[in-house]
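Trainee: sequence and predicted structure, then a few things I'm wondering about:
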Amino acid sequence: MKAARVSAQIVFLVAALPTATFAQSTVRVDVTPSHAINTFDPDSALGSSIDVLSRTDINRVYTPHIIQEALSAGWGPITYRNNTELRMAAWHWTENGTWSDAAHRSGYFTGNTDLKEPIRSILAYALPHRGFATSGDRPVAGPNLTYWKSNPYLTSKFTGESDTLHPQWVVVDWQAEKPVSAVRIIWANPYATTYRVEYWVGTGALDFDGGPKGEWKVFPSGALKHAPGGTVMVKLTDAPVTARYLRILMTESSGTCDEHGAEDVRNCVGYAIQQIAAGTLH
């Protein structure tokens with residue numbers, strides 16, 4: 001597909017309602033190369049993608065024969081999607097890079113972007129904190145899987161905006177409806193000082209494909225401000241509410257640093273929860 005060096009005039013006839021007269025408009029298309037506002041190379045811009053291959057599958061796919069067949073079919077660049085973050089593992093291109101806590105090889109990892117040898121496999125490592133999986137998978141086995149930590153890059157330190165514009169949350173799914181009147185939260189650092197405890201009314205709260213049908217409602221006593229960290233017991237309502245899903249929606253952080261220290265700002269922003277338990281008070 002190459003750029004054509006031609007001039008063209010295209011005339012469109014725009015039909016109105018039957019009772020009205022026809023109106024004629026003229027649209028002129030200027031394809032003079034020197035007048036181009038922007039361009040793209042189809043061979044570079046249009047391509048294909050491959051989704052989530054195991055190390056064994058990669059070795060089977062990228063053989064000389066299959067590569068030659070793909071090229072002969074006119075495929076452009078191929079992008080590769082990796083979803084280890086959905087399985088609570090951090091991914092990066094190679095094992096070369098730096099840790100925010102270099103002494104213990106922990107914290108946040110930044111991969112080295114230098115291009116040397118061709119990259120055949122993307123490596124995945126267990127995250128140092130427990131994550132959230134919509135698939136119901138358990139966290140990948142690894143060290144220090146002790147608590148859930150929110151995304152530091154959604155905080156005001158990185159967005160330049162108030163954290164209230166980028167709330168973060170944890171959803172608990174009991175797999176069946178149960179009565180709830182209180183919640184116990186064991187916070188790690190940093191913890192939320194402003195948050196809401198909510199329950200779901202409707203169906204499909206975690207249906208990200210079809211879309212949830214319903215709404216989150218705050219428990220009568222579920223909105224907290226200037227809240228402390230540590231182990232917190234919150235009485236949410238006098239009369240228990242029957243629900244399957246519970247959500248903690250967090251909008252303001254304590255800013256206290258986690259176990260990795262203050263040297264890396266990502267350790268001191270967002271929210272961290274060690275345990276959540278909910279039920280009724282007797």
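Mentor: Yep, that arrived. Numbering: from 1, shown residues only.
Trainee: in its sheet, what does the helix or strand residue 24 falls within sit against?
Mentor: Element membership for residue 24, per DSSP states H and E: strand 23-29. Paired strands of strand 23-29, with direction, are strand 8-14 (antiparallel) (DSSP bridges).
Trainee: for the partner strand, give the mean pLDDT please.
Mentor: Averaging pLDDT along strand 8-14 yields 37.
Trainee: what's the answer for stretch 214-231, then?
Mentor: 96.
Trainee: picking up where we left off before, CA atoms only for the strand holding residue 24, dumped as CSV, please.
Mentor: Extracted as CSV, the C-alpha positions of strand 23-29 are listed here (Å, rounded to 0.1, in the frame of the first residue of the first chain):
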residue,chain,number,x,y,z
ALA,A,23,-28.7,19.5,-1.4
GLN,A,24,-25.3,19.1,-3.1
SER,A,25,-22.0,19.5,-1.3
THR,A,26,-18.5,19.3,-2.7
VAL,A,27,-15.6,17.8,-0.7
ARG,A,28,-12.1,18.2,-2.2
VAL,A,29,-9.3,15.8,-1.2
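Trainee: buried ones in that strand?
Mentor: Within strand 23-29, not a single residue qualifies as buried, counting by 16 or more other CB atoms under 10 Å. (Glycine included, C-beta is placed from N, CA and C.)
Trainee: distance between it and the chain's centre?
Mentor: Here strand 23-29 is found 45 Å from its chain centre; the criterion is CA atoms, centre = their mean, to the nearest Å.
Trainee: what do you get for stretch 226-245?
Mentor: Its chain's C-alpha centre lies 27 Å from the corresponding centre of stretch 226-245 when counted by CA atoms, centre = their mean.
Trainee: in that stretch, which residues are buried?
Mentor: The neighbour-count criterion (16+ other CB under 10 Å) identifies 227, 229, 234, 236-237, 241, 243-245 as the buried residues of stretch 226-245.
Trainee: which pair in those residues spans the largest distance?
Mentor: Largest separation among those by CB to CB: 229 and 244, giving 27.8 Å.
Trainee: got the contact list for stretch 214-226?
Mentor: The contact list for stretch 214-226 (CB atoms under 8 Å, 6 or more residues apart in numbering) reads 180, 193-205, 234-238, 241, 247, 249, 252.
Trainee: cutoff 10 Å now
Mentor: 169, 171, 180-183, 185, 192-205, 232, 234-239, 241, 243, 245-249, 251-252 (CB atoms under 10 Å, 6 or more residues apart in numbering).
Trainee: will you turn the buried residues of stretch 226-245 into CSV that also has secondary structure and distance to residue 216?
Mentor: Formatted as CSV, these follow (DSSP: H, G, I helix; E, B strand; the rest coil; distance: CB to CB, whole Å):
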residue, secondary structure, distance to residue 216
227, coil, 19
229, coil, 24
234, strand, 16
236, coil, 14
237, coil, 15
241, strand, 12
243, strand, 10
244, strand, 12
245, strand, 8
